[in-house]
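J.: Just a sequence and a predicted model for now, questions to come.
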Amino acid sequence: MDTAVQALGLTKRYGATTALAGLDLEVQRGEVFGLIGPNGAGKTTVMRLLLDIIRPTAGSATVLGHDPREGGSALRRRIGYLPGELRLEGRTTAGELLRHFGRLSGGVAKGTIEGIAERLGLDLARHVGKLSKGNKQKVGLVQAFMHEPELLILDEPTSGLDPLVQQEFLSLVRDAKARGQTVFLSSHVLSEIEQAADRVGVLHRGELIRLGGVEELRAGRQRRLRATVRSQPGLRAALESMGRVRGLSLVERDGEVALTLSFEGDLDMLVKTLARFEVLDLLLEEQVLEDAVIDMYRNEAS
Amino acid sequence: MNLYRRELREGRRGLLGWAIGVAAAVLLYMPFYPSVGGPELTQTYIDMFPPELAALFALEGLASGPGYAQSTYFGLLGFLLISIAAIGWGSRAVAGAEDSGTLELTLAHAVTRWQVVLETALALLTRVAALCVVGSVLVWALNGPAQLGIEPTRLLAVTLALFLLTSVTGLAALFGGAVSGRPAVATGLGALVAVAAHVLDAVARLAGAPWLARLSPYHWAFGRDPITAGFDLGGATALAAAMAALVLLSGWLFSRRDVGTA
């Protein structure tokens, strides 16, 4: 009874294409679980299966103790869902649309819609059709959270949100967790959900290739570094000696070297290596999981 | 009934537009009966057309007031306009919402697939009924001034026949969408039913093959001339059965398939 989501050999095939290949997964009640993977990895397929929008080819899923199909509308009332490809249409205002969804969910406590909208900075009087992508995403978030469902299933919730709103979203997730709600969310990068998630699974080509705490995945995270360094002999050798460096490129011009590289592992070593040189500019960002990285995970696992 | 109410609210403007179209059709045709109609005048008219064409558009009916209303409005323009409106609504009900991506979010709420089919079908029937009422109220208003001489109960009978017939074409489109999720399939199926119904009826009359007409919903509606002969229980039953079958099959098949992957 304390399992919010359970998948057993959950499989979805479309003709010859396999969108999800035998997923085994358990999300505990009260947990915030993140599913990471590049586009097309099968994240959306998992979520649609849990909501009975599509049906599995093989295997089974249990959501809040029920099969999604058997559970029907009574089960979906207990879930808040944000679709990955959110489409909102209509001649109504955001507020009217949200009240409509609220009625479908069997009622929303007074003031809740306004409260969440205010936190996210959403103007409820605007017409839905005229909202920007980011504002539509906010409408999607409000309708997922507003009836305080036991389980939140959020497909790429941070996409289209600016960093400030992303922070507010993360605080909504923390509040939900504090109330005992379970959150199952996805992203194509770890950084957007790592502050919120307790555990993370990495999905690739329909398979769960890694499962663990955020700390574990953070250590193995792939980062892309771009820097400009004053020309100095031994730079290439120093960078290569770190190991776990891929795609190293150095372009020298006017006594400065523009370098880019992908790096996985201990950041401390990278910083200390760079510190031996005169750094003029530095940009470090998380890289979307690439096939090469995925293969590395695989090899480690086997 | 939240989906039903929302469907009607969102479609207000469209309904108003179609109502104006139907009203225009009635107002443009009915007042001219005294000048183009009447037994002698009309026969010279009909003789100008090849007999096949005269049969296709049931021109022989022009000779009487009720026949004129049937040939111009109920059997032709009204049928055409209201069918097109109904097919549009039927196509949008499931396929349109699915194609635009809005259906996924609706279905993620405490809503069943059956509920989507039943409530959108009911919204479609409501709007089709509204258009039929607008048309017939105007025909009634012009009944005296245009010397149409249509009996009130006969007008009710033909209005019911038109409502049932155009509902069948609209529900055929809804069915096409419920099965496929594609607006093109939905619209195509609705249009096919409407055109086939009319053509089968006409061909049956041309070829003198009454068995062929029995396959046509158009014939079920107007074959026994409700505007002069009154309610046709058999025809109405056949149309109502077709509507029920389309709704039930839509709900059943829509409940069994994936959404949003067409």
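T.: That came in fine, so what should we check first? Residues are numbered from 1 along each chain as shown, chains lettered A, B, ... in the order given.

J.: Am I right that residue A:91 is in a strand?
T.: No: using DSSP: H, G, I helix; E, B strand; the rest coil, the assignment for residue A:91 is coil, not a strand.

J.: Setting aside sequence neighbours, what's the nearest residue to it?
T.: Of all residues beyond its chain neighbours, the one nearest residue A:91 is residue B:10 (6.4 Å), with distances taken as CB to CB, 6 or more residues apart in numbering or on different chains. C-betas here are computed from N, CA, C, even on glycine.

J.: ditto for residue B:114
T.: Nearest one to residue B:114, counting by CB to CB, 6+ apart, is residue B:251 at 4.6 Å.

J.: Let me know whether the one you found touches residue B:119 as I believe.
T.: No: the criterion here is CB atoms under 8 Å, and residue B:251 misses it with residue B:119 at 10.8 Å.

J.: Not counting sequence-adjacent ones, nearest residue to the residue of the stretch 51-200 of chain B found nearest chain A?
T.: Ranked by CB to the nearest CB, the top residue of the stretch 51-200 of chain B for proximity to chain A is residue B:101, at 3.2 Å. Among residues not flanking residue B:101 along the chain, residue A:87 sits closest, at 3.2 Å (CB to CB, 6+ apart).

J.: mind checking the backbone torsions on that neighbour?
T.: phi -120, psi 120 (degrees, to the nearest 10).

J.: For the residue nearest to residue B:109 when sequence neighbours are not counted, give me the pLDDT.
T.: In this structure, residue B:109 finds its nearest non-sequential neighbour in residue A:104, 4.0 Å apart by CB to CB, 6+ apart. pLDDT for residue A:104: 91.

J.: ditto for residue B:212
T.: Note for residue B:212: predicted pLDDT of 87.

J.: Isn't it up against residue B:205?
T.: No: using CB under 8 Å, residue B:212 makes no contact with residue B:205, being 9.2 Å away.

J.: before we move on, back to that, tell me the contacts of the residue nearest to residue A:91?
T.: A:90-92 (CB atoms under 8 Å, 6 or more residues apart in numbering or on different chains).

J.: Buried ones among these?
T.: A:90, A:92 (16 or more other CB atoms under 10 Å in any protein chain shown).

J.: Could you count how many residues lie near the residue nearest to residue B:114?
T.: 20 (other CB atoms under 10 Å in any protein chain shown).

J.: where's it relative to residue B:206, distance?
T.: According to CB to CB, to the nearest Å, residue B:251 stands 38 Å off from residue B:206.

J.: Can you give me the neighbour number for residue 222?
T.: The chain I'm using is chain A. Residue A:222: 21 neighbours (other CB under 10 Å).

J.: wait, chain B
T.: The number of residues near residue B:222, taken as other CB under 10 Å, comes to 25.

J.: pretty sure it is touching residue B:69, no?
T.: No: assessed by CB under 8 Å, residue B:222 is found out of contact with residue B:69, at 11.7 Å.

J.: who touches both of those two?
T.: residue B:158.

J.: ranges for the helices of the stretch 1-150 of chain B?
T.: For the stretch 1-150 of chain B, the helices defined by DSSP state H, counting those that start in this stretch occupy B:2-10, B:12-29, B:33-36, B:39-47, B:51-56, B:65-69, B:78-91, B:97-100, B:102-107, B:113-143.

J.: Now those helices in CSV, please, with extra columns for mean pLDDT.
T.: Output for the helices of the stretch 1-150 of chain B, formatted as CSV (pLDDT from 0 to 100):
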stretch, mean pLDDT
helix B:2-10, 92
helix B:12-29, 95
helix B:33-36, 80
helix B:39-47, 70
helix B:51-56, 72
helix B:65-69, 91
helix B:78-91, 97
helix B:97-100, 93
helix B:102-107, 94
helix B:113-143, 97
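
J.: Am I right that residue A:260 falls within a strand?
T.: Yes: when three-state DSSP is applied, residue A:260 is found to be in a strand.

J.: Let me see the contact set for the closest residue to chain B within chain A.
T.: For chain A and chain B, the shortest gap (CB to the nearest CB) falls at residue A:87, measuring 3.2 Å. Taking CB under 8 Å, 6+ apart, we find residue A:87 in contact with B:100-102, B:104-105.

J.: Compare those residues and tell me which has the most neighbours.
T.: residue B:105 (24 neighbours).

J.: Please name the spatially closest residue to that residue (chain neighbours excluded).
T.: residue A:83 (5.7 Å).

J.: Tally up the residues packed near the one you found, please.
T.: 23.

J.: same question, residue B:32
T.: There are 12 residues near residue B:32, going by other CB under 10 Å.

J.: do residue A:31 as well
T.: Counted by other CB under 10 Å, the residues lying close to residue A:31 total 19.

J.: remind me, longest helix of chain A?
T.: Secondary structure assigned by DSSP state H gives helix A:163-178 as the longest helix of chain A.

J.: which helices and strands does it pack with?
T.: The contact analysis (3 or more CB pairs under 8 Å, 6 or more residues apart in numbering or on different chains; DSSP states H and E) places helix A:163-178 against helix A:112-120, helix A:133-145, strand A:182-187.

J.: Any chance of TSV for the ones you listed, columns mean pLDDT and distance to chain B?
T.: Listed next are the helices and strands packed on helix A:163-178 as TSV, based on pLDDT from 0 to 100; distance: least, CB to the nearest CB, whole Å:
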stretch	mean pLDDT	distance to chain B
helix A:112-120	95	15
helix A:133-145	95	8
strand A:182-187	95	13
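
J.: how near is residue B:98 to residue B:260?
T.: Counting by CB to CB, the gap from residue B:98 to residue B:260 is 6 Å.

J.: Could you do residue B:253 as well?
T.: 16 Å.

J.: Likewise for residue A:113?
T.: In terms of CB to CB, residue A:113 sits 26 Å off from residue B:260.

J.: Output the set of residues of chain B in proximity to chain A.
T.: Proximity of chain B to chain A, by CB under 8 Å from any CB of the partner chain, involves residues B:2-3, B:6, B:9-10, B:13, B:100-102, B:104-112, B:115, B:258-261.

J.: hmm, back to that, so what pLDDT did the residue nearest to residue B:101 get?
T.: 89.

J.: likewise residue B:153?
T.: 96.

J.: Could you do residue A:279 as well?
T.: For residue A:279, pLDDT reads 91.

J.: how deep is it tucked in, by neighbour count?
T.: Quick note: residue A:279 (other CB under 10 Å) scores 13 neighbours.

J.: Figure out the helix or strand that the nearest residue to it once chain neighbours are set aside lives in.
T.: Nearest non-adjacent residue to residue A:279, counting by CB to CB, 6+ apart: residue A:229, 5.7 Å away. Applying DSSP states H and E as the criterion places residue A:229 in strand A:222-230.

J.: Verify the contact between the residue nearest to residue B:109 and residue B:107 for me.
T.: No: with contact defined as CB under 8 Å, residue A:104 does not reach residue B:107; the gap is 10.0 Å.

J.: So for residue A:282, what's the nearest residue that isn't a sequence neighbour?
T.: The spatially closest residue to residue A:282, leaving aside those adjacent along the chain, is residue A:227, at 4.7 Å (CB to CB, 6+ apart).

J.: OK, contacts around the one you found?
T.: With the criterion set at CB under 8 Å, 6+ apart, residue A:227 makes contact with A:258-260, A:274, A:279-283.

J.: bridging residues for it?
T.: residue A:259, residue A:282 (DSSP bridges).

J.: Can you give me the pLDDT of it?
T.: Taking residue A:227 on its own, its pLDDT is 90.

J.: Just the C-alphas of the longest helix of chain A, formatted as CSV.
T.: This file holds the C-alpha atoms of helix A:163-178, laid out as CSV (Å, rounded to 0.1, in the frame of the first residue of the first chain):
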residue,chain,number,x,y,z
PRO,A,163,15.0,30.2,-13.9
LEU,A,164,13.0,32.1,-11.3
VAL,A,165,9.8,30.3,-12.0
GLN,A,166,11.7,27.0,-12.0
GLN,A,167,12.7,27.8,-8.5
GLU,A,168,9.1,28.5,-7.5
PHE,A,169,8.2,25.2,-9.2
LEU,A,170,10.7,23.3,-7.1
SER,A,171,9.3,24.9,-4.0
LEU,A,172,5.8,23.7,-5.0
VAL,A,173,7.3,20.2,-5.3
ARG,A,174,8.8,20.5,-1.8
ASP,A,175,5.5,21.7,-0.4
ALA,A,176,3.8,18.7,-2.0
LYS,A,177,6.3,16.4,-0.6
ALA,A,178,5.8,17.9,2.9
